[in-house]
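In: fold the following and give me the result.
(one chain, ligands or ions: 3)
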Amino acid sequence: MTPNEILNDPFLNKGTAFTEAERKQYHLTGLIPAQIRSLREQTDFTYKQVESKDSNLEKRLFLMEIFNTNRILYYKLFSEHVAEFMPIVYDPTIADSIEHYSSLYMNPENAAFLSIDDPDSMKESLKNAANGRDIQLIVVTDAEGILGIGDWGTDGVDIAVGKLMVYTAAAGVDPSKVLPVVLDVGTNNQKLLDSPVYLGNQHKRVRGDQYFDFVDQFVQTTKGLFPDVYLHWEDFGRSNAAKILNKYKDKMVTFNDDIQGTGIIVLAGILGALQISKQKLADQRYLSFGAGTAGAGITKRIFDEMVEQGLSEDEARSHFYMVDKQGLLFDDDDTLTPEQKPFARKRSEFANADKLTSLAAAVSAIHPTILVGTSTQPDTFTEAIVKDMAAHTERPIIFPLSNPTVLAEAKAEDLIKWTDGKGLIATGIPADDVTYKGVTYQIGQGNNALIYPGLGLGTMAAKATVLNDEMISAAAHSLGGIVDSSKPGAAVLPPVTRLAEFSQTVAQAVAKSAIDQGIARVETKNPVEAVENIKWEPEYQTLRLK
Ligand SMILES: NC(=O)c1ccc[n+]([C@@H]2O[C@H](COP(=O)([O-])OP(=O)(O)OC[C@H]3O[C@@H](n4cnc5c(N)ncnc54)[C@H](O)[C@@H]3O)[C@@H](O)[C@H]2O)c1
Ligand SMILES: O=C(O)C[C@H](O)C(=O)O
Ligand SMILES: [Mn+2]
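Out: Ligands and ions are numbered 1, 2, ... in the order given. Take a look at the predicted model:
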């Protein structure tokens with residue numbers, strides 16, 4: 001490798017931290033300033049620079065510069081300030097960066113860009129992006145449904161980059177073993193189709209067999225190149241996400257974050273809320289508002305939990321209601337998705353079924369005890385709806401989960417106020433504490449980022465052959481007991497400031513489940529040891545090149 005190749009490789013470059021011996025051996029002398037800095041010093045100086053930036057988008061751009069030049073410094077910094085940097089490198093600022101991706105484009109960030117117009121180059125593209133690295137984790141998106149902001153075509157690649165950053169900062173996944181991938185199958189975003197700066201394929205989304213064949217080619221090529229890879233799917237559209245998951249989930253280690261990750265975190269949040277209210281899950285009535293990929297995924301997870309707790313499937317099903325664009329979902333509706341169908345109701349259950357075409361009408365007919373929003377529709381949990389719900393249940397559980405911030409169904413502060421402090425709240429993005437009538441309420445963050453890093457680390461640590469429902473359930477239950485639920489104003493989920501710590505708890509629970517089920521290929525039978533063995537720490541190693 002030439003000196004410049006070393007300095008330009010973010011996995012090798014240490015900047016001013018190259019030792020005197022390394023500078024001599026690899027002919028770096030004179031290419032960097034004379035002072036030698038430790039990683040500690042670099043981290044502290046860089047943190048000050050981040051702090052000096054005015055906006056979160058500027059902070060993000062600066063941090064990306066570090067990411068693109070020195071991965072260890074980046075992760076040292078991020079892992080020391082997880083709660084502070086998450087909203088900058090991840091949701092919600094990531095939404096801004098995606099909306100401006102093509103115009104701000106500077107660096108491919110080691111992602112693989114796979115074009116449906118050039119399927120023959122797929123294998124080569126993946127190999128080029130991996131550049132000889134042993135890839136064990138891929139986050140792939142086709143960006144049809146980025147957060148709640150819709151279709152962003154190739155610009156959505158940043159969600160894959162951002163999700164992977166959280167895997168490393170939160171759980172200690174080795175960043176040299178990960179690969180972000182975007183499947184560029186076109187876009188239906190007219191703004192991008194018309195834009196002269198858009199960097200992706202400027203045609204409508206390819207659908208049908210050609211799309212599914214391309215996805216399958218990606219899966220098979222990936223399996224051939226990286227046989228043990230953990231394949232994480234992110235922000236696919238409603239008509240494809242569940243189909244793809246169902247097709248591959250029993251054949252390889254595969255995970256849909258919006259369906260499964262969100263299901264786990266919401267179940268964990270509900271279990272946390274019930275710990276506070278001292279109520280039982282079997283006594284709840286659940287209303288999903290926005291029954292798309294996430295809404296239906298969450299509903300299925302809560303339903304499975306009820307069945308696990310001993311209810312029959314029919315009994316359990318009677319606790320669930322879904323409201324989408326058309327209002328309460330009924331079984332005579334031929335536009336229902338396969339995931340909505342099991343939870344659609346009979347019109348005969350209601351005297352005024354034809355009037356239940358809005359959330360307000362549905363809430364007043366059903367009196368839910370749990371209301372979860374994944375609708376992408378801001379401010380739809382109105383004061384009137386929330387007060388109506390609160391009038392019929394002692395401790396309403398209300399989770400407005402749509403991202404980014406501007407799309408949330410309600411603000412935590414309003415929900416606490418409207419429920420007179422009785423609401424048990426979690427939001428999709430971080431929310432400040434709310435002080436109301438002398439009590440300080442901590443708001444849990446109901447974001448799949450609290451779960452997928454530990455889930456992935458645990459699955460990879462166990463070398464599990466698949467990621468199954470038992471492991472998913474173990475992940476949801478592992479967060480119980482971390483929050484002191486007896487404290488007034490306690491949050492329903494543990495705080496992001498403790499993400500690194502509880503990601504290990506999640507990872508160990510998941511690895512244990514795989515080992516106990518006999519689907520782990522790791523040698524040790526000890527899940528703590530298995531997780532410890534693959535955990536990566538951001539520290540410089542002595543440079544050793546051939
Ligand atoms: N907090 C989290 O961890 C998390 C995880 C996944 C998704 N989400 C958020 O959930 C939202 C939905 O994501 P998704 O992947 O499920 O998208 P999706 O497109 O699959 O689902 C959205 C659903 O909302 C419905 N909808 C649209 N307008 C509506 C209206 N006026 N009333 C009722 N329903 C309406 C759509 O028909 C669709 O079924 C996004 O904002 C996303 O950011 C949050
Ligand atoms: O990306 C997030 O913040 C969570 C979730 O996956 C989403 O799509 O909103
Ligand atoms: Mn998502």
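In: C-alpha from now on. contacts and neighbour counts both.
Out: Noted.
In: domain assignment for the chain?
Out: With the TED database as the criterion, the domains of the chain are listed as 3-82, 95-256, 261-447, 450-532.
In: tally of neighbours for Trp536?
Out: 15 (other CA atoms under 10 Å).
In: mind checking the SS state of it?
Out: coil (DSSP: H, G, I helix; E, B strand; the rest coil).
In: isn't it right up against Ser176?
Out: No: judged on CA atoms under 8 Å, Trp536 makes no contact with Ser176 at a distance of 9.9 Å.
In: any low-confidence regions in the protein?
Out: For the chain, applying pLDDT under 70 flags no range at all.
In: give me every residue in it lying close to ligand 2.
Out: 91, 147, 235, 258, 403, 447-448 (CA under 6 Å from any ligand atom).
In: swap in 8 Å and give it another go.
Out: 90-92, 145-148, 159, 163, 234-235, 257-258, 261-262, 294, 401-404, 428-429, 447-449 (CA under 8 Å from any ligand atom).
In: so which of those residues also contact ligand 3?
Out: Here is what survives when these are matched to ligand 3 using CA under 5 Å from the ion: 235, 258.
In: which of the residues of the chain next to ligand 2 fall within helices?
Out: The helices, defined by DSSP state H, take in 159, 163, 262, 294 from these.
In: can you give me every residue that contacts the third one?
Out: Contact criterion CA atoms under 8 Å, 6 or more residues apart in numbering gives 294, 297-298, 446-448 as the residues in contact with Thr262.
In: before we move on, back to that, please identify the deepest-packed of the domains of the chain.
Out: domain 450-532 (a mean of 22; mean count of other CA atoms under 10 Å).
In: is that one anywhere near ligand 3?
Out: No: using CA under 5 Å from the ion, domain 450-532 stays clear of ligand 3, coming no nearer than 11.1 Å.
In: ok, back up a step: can I get the domains of the chain in a markdown table with distance to Leu543?
Out: Shown next, in a markdown table, are the domains of the chain (distance: least, CA to CA, whole Å):
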| stretch | distance to Leu543 |
| --- | --- |
| domain 3-82 | 7 |
| domain 95-256 | 15 |
| domain 261-447 | 37 |
| domain 450-532 | 24 |
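In: residue numbers of the stretch 101-250 of the chain in contact with ligand 3?
Out: So the stretch 101-250 of the chain meets ligand 3 at Asp235 (CA under 5 Å from the ion).
In: run through the helices of the stretch 101-250 of the chain in chain order.
Out: 101-104, 122-130, 157-166, 190-194, 208-225, 241-248 (DSSP state H, counting those that start in this stretch).
In: got it, and the stretch 251-400 of the chain?
Out: Taking DSSP H, counting those that start in this stretch as the criterion, the stretch 251-400 of the chain carries its helices at 262-277, 293-308, 313-317, 359-366, 383-390.
In: contacting residues for the residue of the stretch 51-200 of the chain at minimum distance from ligand 2?
Out: When scored by CA to the nearest ligand atom, the stretch 51-200 of the chain has Leu147 as its residue closest to ligand 2, at 3.5 Å. Applying CA under 8 Å, 6+ apart to Leu147 gives the contacts 95, 235, 402-404.
In: and ligand 1, which of these contact it?
Out: Among these, ligand 1 is touched by 235, 402-404 when using CA under 8 Å from any ligand atom.
In: out of those, who's nearest ligand 3?
Out: The closest of those to ligand 3 turns out to be Asp235 (CA to the ion; 4.6 Å).
In: now do the contacts for that closest one.
Out: Going by CA under 8 Å, 6+ apart, Asp235 touches 141-147, 241, 258.
In: how many degrees apart are the longest strand seen in the chain and helix 122-130 in direction?
Out: Determined from DSSP state E, the single longest strand within the chain is strand 178-184. Put simply, strand 178-184 runs at 140 degrees to helix 122-130, going by axes from the mean of the first three to the mean of the last three CA atoms, to 10 degrees.
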